[in-house]
Structure formats: structure tokens, C-alpha cells
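Participant: test case, fold it:
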Amino acid sequence: MKHVAQNYKTGELSVLDVPEPACRPGGVLVRSLYSLISTGTELMKVSEARLSLVGKAKARPDQVRKVLDSVAQQGPMAAYRKAMGKLDSYTPLGYSLAGIVTEVGAGAQEQAEFAVGDLVACAGNEFALHAEVNWIPTNLCVTVPDGVAPEHAAFATVGAIAMQGVRRGEMQLGETACVIGLGLVGQLVVRLLVASGVRVVGVDTVPDRCRLAEKAGALLAAGPDAEGAARLERALASVGPGVAGADVVFLAAGGPTNGPVELAVRLARDRGRVVDIGKTRLDLPWNDYYEKELDVRFSRSYGPGRYDDAYELDGRDYPPGYVRWTERRNLACFLDLIAAES
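Facilitator: From the prediction side, this is the model:
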């Protein structure tokens, strides 16, 4: 089968011919119909791979720490060979797709939730890859409702990322929000907030993205320059008496600049909330954040369950009485919203 991968040492992108995966217990085998290219996340990976070794180290300090641990445990030469071998290997890309179930593994069969021929949406950068066939654990896979086109269902993972960010904001009817970064995730955040009865303004450097957010229901979208920030402040001041600034600022931007967090404190109200959804620089200007006593929160990917092997690989769900919105329930909820508009 065909499989898109990248050599992290050279940055080379390739379409490889590899064997189809086996259908392991606890999951389903899915033949891809549409695989989503996330321009933010995947361009970041491609760009990192084309950096020098020093640049890679600066971009991925977490991996540097792992190498240093290996040096302490195995010695410098063994750690070097291991690191170079890992760099000079192909890394798969992709994390969101829609496809058809071709086989149901043991464990998943007992759940009687999936059947061969089902249209499903799948998530996970270890599983929902740019490949013709993937094995997907059951907690990273949901059945697509009737009426939802597969090309739309392929957006479910990115939709779940946006939805988890909105949930972390804990917004109420009539509140105001500012979305900084109007790429794909930011556009979805705007739509989810508007659908929830929240008044929204947006920020982006690209005028077309600003117009798209306004078309989706944002009161105003403007650039991050001085003129744009002043317009946003006036818009936020006009939406309700006695509240100067956004109740919640969502950071859906990426990149090395500290501009988003500096703009966030300017546009947030006193004791407001700032939710980081993207991978942006977070050198918080301490005095400004302290004086407004802002609550800074992080939104972890698709939702509760992410990075928990017991949930994602072993299929152990969290009881809804304790965790109402897991990553899988977020995926299903986003698809239900699409189905309601179909």
C-alpha cells in the first residue's frame, strides 16, 4: 500500500510502498477515503525536518532531554548512534481521516459497535496516517452519522481540537471571546462559539481569513497591528455595559513570535481567561498578566484521554459521570453538528 512519510534528518517527503497493517485486537482496519492535511501542524513538522541539527535541537528540546538521558544511561557513542539512527528514518504523517472499515479486531467485535462497511472518522498521529490502510484503536474511531460526506468527516479530529479548546474556556451565553489566529482551528473555534451564543471577535494577519470569520458570525476580525488592536478594543467595549475586554481569549496561532500572548492581555478583561490551543510562544509579560489576574489554561489536543495508553490503546473509557467529554465523544459531537446542518 501507499504511505506518506518524511525523513526527519533530510526533510525529504516520500510515498513509500509498505505492507498493509494487520488487524490487531481492540481496533478496526480502515481503508482511507480522505486524509486531512493540517497545514499548521504538518508544515511545522516539515519545516523542523529541514533545519540543521542545532535548529532541530532548539525546536525540539524534549527530544534533546531524551538524548541526554540516553547519554547518562548508555554512554555518548551509543546515544549518538541511536539518535542518528532515529533521525535517519522515515516518520509517518497525518492524524485525521475518514474511511471504510474493512475488518473488525477481537475486542472491538464484542462491542458490536463497528461492522465491515461502516464509514468512520479516525484520529491520532500514530494511527490515522496518510496511508491507504490504517489500524485504528476503538477509542480513536467513531461511526459517521448518515448524511455526512466522508470529505467532511475527515475534519473530525481538527474539529475535536477546536471543540476541546472551547470547552476549556468554560464560556456562558452572552459572554465575549477573542480568537487570535484564524487558520483552520481558529475558524472552527469561531463557528463553535457563535453557535453557542457567544459574541466573538478575531485576529489574524491575513485579511481573507478575517473576512471569513466575519462571514461565519464574528462581530469583527482585524489584524494585530496598532490600528487593528484599537478597533478590537472598541468592539469589545461596545458589546456590554461595564465589561471592558473579552471574557476569554483563545490562542489558536503558532510560530516563534510572542505577539499573540502580548495582544491577549491587552484584549482580555480583568480576571479573564486565556486558553492556548495552538503551539505559540508563551513568554508571558508577568506584570501585565498579574495586574489583570488572568487565568491561563492549556487545551490538550482532542480532549481527555489523549496520551493515555489505557484509554487510547486498551480501550478503557472514562465514565461520563466523571469525564463527560472525552476525545472520542468530542469527535462524535463534532460529526453530529455537521449532520445537523446537512
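Participant: so what pairs up with Phe199 in the strands?
Facilitator: Small correction: residue 199 is Arg, not Phe. Thr176 (DSSP bridges).
Participant: that one: what's it in contact with?
Facilitator: Residues in contact with Arg199, defined by CB atoms under 8 Å, 6 or more residues apart in numbering, are 174-177, 219, 239. Every C-beta, even on glycine, is put in place using the N, C-alpha and C of the backbone.
Participant: repeat that with 7 Å
Facilitator: By CB atoms under 7 Å, 6 or more residues apart in numbering, the residues touching Arg199 are 176, 219, 239.
Participant: Thr176 is in contact with the last one, correct?
Facilitator: Yes. Shown here, Val239 and Thr176 form a contact pair, counting by CB atoms under 7 Å, at 5.3 Å.
Participant: how far out from the middle of the chain is stretch 331-338?
Facilitator: Mean-position distance between stretch 331-338 and its chain equals 15 Å (CA atoms, centre = their mean, to the nearest Å).
Participant: name the residues of that stretch that come out as buried.
Facilitator: Using 16 or more other CB atoms under 10 Å as the test for burial, stretch 331-338 gives 331-335, 337-338.
Participant: Arg306: neighbour count?
Facilitator: 19 (other CB atoms under 10 Å).
Participant: quick check: phi and psi at it.
Facilitator: Dihedral angles of Arg306 (phi, psi; degrees, to the nearest 10) stand at phi -60, psi 130.
Participant: if I pick the residue positioned nearest the centre of the chain, what's in contact with it?
Facilitator: Residue closest to the average C-alpha location in the chain (CA atoms, centre = their mean): Ile161, at 4.1 Å. Going by CB under 7 Å, 6+ apart, Ile161 touches 185, 277, 301-302.
Participant: ok, Ala5 next?
Facilitator: If you count contacts by CB under 7 Å, 6+ apart, Ala5 has them with 14, 16, 90-93.
Participant: change it to 8 Å
Facilitator: Here Ala5 is in contact with 13-14, 16, 90-93 (CB under 8 Å, 6+ apart).
Participant: which element is it on?
Facilitator: Using DSSP states H and E, Ala5 sits within strand 2-7.
Participant: quick one: buried residues of that strand?
Facilitator: Quick answer for strand 2-7 (16+ other CB under 10 Å): 3-6.
Participant: quick check, nearest of those to Val194?
Facilitator: Relative to Val194, the closest of the buried residues of strand 2-7 is Val4; by CB to CB it sits at 34.5 Å.
Participant: quick one: secondary structure of the residue nearest to the centre of the chain?
Facilitator: helix (DSSP: H, G, I helix; E, B strand; the rest coil).
Participant: re the thing from before, out of the contacts of Ala5, which end up buried?
Facilitator: So, by 16+ other CB under 10 Å, the buried ones in these are 90, 92-93.
Participant: circling back: so for Val239 and Thr176, which residue has more residues nearby?
Facilitator: Between Val239 and Thr176, Thr176 has the larger neighbour count (other CB under 10 Å), namely 25 against 15.
Participant: what sits against the more buried one?
Facilitator: With CB under 8 Å, 6+ apart, Thr176 has these contacts: 198-201, 236, 239-240, 243, 245-248.
Participant: switch the cut-off to 10 Å
Facilitator: Contacts for Thr176 (CB atoms under 10 Å, 6 or more residues apart in numbering) come out as 193, 198-201, 219, 235-237, 239-240, 243, 245-249, 267, 269, 272.
Participant: over to Thr39?
Facilitator: Going by CB under 10 Å, 6+ apart, Thr39 touches 183-184.
Participant: repeat the analysis, applying 7 Å as the threshold.
Facilitator: Leu184.
Participant: one more: Leu220?
Facilitator: Counting by CB under 7 Å, 6+ apart, Leu220 has contacts 201, 214, 231-232, 235.
Participant: ok, 8 Å please
Facilitator: Applying CB under 8 Å, 6+ apart, we find Leu220 in contact with 201-202, 214, 231-232, 235.
Participant: equivalent analysis for Gly26, please.
Facilitator: 105-108, 137-138, 313-315.
Participant: so Cys141 touches Leu97, yeah?
Facilitator: No. With contact defined as CB atoms under 8 Å, Cys141 does not count as touching Leu97 (10.1 Å).
Participant: if we can go back for a sec, I'd like the buried ones among the contacts of Ala5 as TSV, with pLDDT appended.
Facilitator: Compiled in TSV, the buried ones among the contacts of Ala5 are given as follows (pLDDT from 0 to 100):
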residue	pLDDT
Tyr90	74
Pro92	84
Leu93	88
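Participant: narrow those residues to those in strands?
Facilitator: Of the buried ones among the contacts of Ala5, the ones assigned to strands by DSSP state E are 90, 92.
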